[in-house]
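A.B. asks: generate coordinates for the sequence data below:
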Amino acid sequence: NYYERFSDQNDRKWLFSKMNEITRRYYEIGKSRPIANPDELLFCTFNPSSDGIYTEVRDISETRINLEHYIAEYNEVNKKSNINLIMFNKLVEYCIKIARIIKLPYGNGILIANAGLGLSEIDRLAVFLCNYDLYEIKLTPKYTLEDWYNDLKTLMIKAGIEERQNVFILKYSQILKEEFLYDLDSLI
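C.D. replies: Okay, here's the model as predicted:
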């Protein structure tokens, strides 16, 4: 939804009133249960009852419990990079939103956050939930621009030739040269 993209409160109120008006007119949402807060209106595909179809998250606590089960499953599969998080509602919301971005056709996003919030682990969980491959560069003390181009080439081969769904995660600390940003801009 576009609600989260607005920074002005008046614009948010306007959009929310239009969303309510349209959903009441054309959909079942909002008829039996009015939508009080657009931040509470969340949809995901990974609740057991959704069968891979976007369904409304009616109980965020239930979704949090489901995500904790998915974390345990992720940790079974990925022994070297375990996710160790205490899930709370805001992280559940972030995971839902990141998974939605990943699943969009040609979806891409830039997540900017302070270190230590657990968002890189939420990224990995969302990638796992979407059943995509995660690609990250492996920095070494002698990592060069040529290594960067080889990593991008590997990623492009996976996406283009092998037709695999990929998510490329690059942390701020991994941006060693300005050229990295120019190359990413060209890809997006």
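A.B. asks: element containing the most centrally placed residue in the chain?
C.D. replies: Geometric centre of the chain, nearest residue: residue 98, 1.4 Å, by C-alpha atoms, centre = their mean. Element membership of residue 98, judged by DSSP states H and E, is helix 89-103.
A.B. asks: got the buried residues for that helix?
C.D. replies: 91-100, 102-103 (16 or more other C-beta atoms under 10 Å). Where C-beta positions appear, they are placed from N, C-alpha and C, glycine not excepted.
A.B. asks: hmm, who's touching the helix or strand just after it?
C.D. replies: Where DSSP H and E defines the elements, the next helix or strand beyond helix 89-103 is helix 119-130. Here helix 119-130 makes contact (C-beta atoms under 8 Å, 6 or more residues apart in numbering) with 45-46, 67, 70-71, 73-74, 77-78, 81, 83-85, 91, 94-95, 98-99, 102-103, 111, 113, 133-134, 165, 167, 169, 171.
A.B. asks: JSON lines for the buried residues of helix 89-103, including pLDDT?
C.D. replies: Converted to JSON lines, the buried residues of helix 89-103 look like this (pLDDT from 0 to 100):
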{"residue": "91", "pLDDT": "89"}
{"residue": "92", "pLDDT": "91"}
{"residue": "93", "pLDDT": "89"}
{"residue": "94", "pLDDT": "89"}
{"residue": "95", "pLDDT": "91"}
{"residue": "96", "pLDDT": "90"}
{"residue": "97", "pLDDT": "88"}
{"residue": "98", "pLDDT": "90"}
{"residue": "99", "pLDDT": "90"}
{"residue": "100", "pLDDT": "88"}
{"residue": "102", "pLDDT": "88"}
{"residue": "103", "pLDDT": "86"}
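A.B. asks: all set, thanks.
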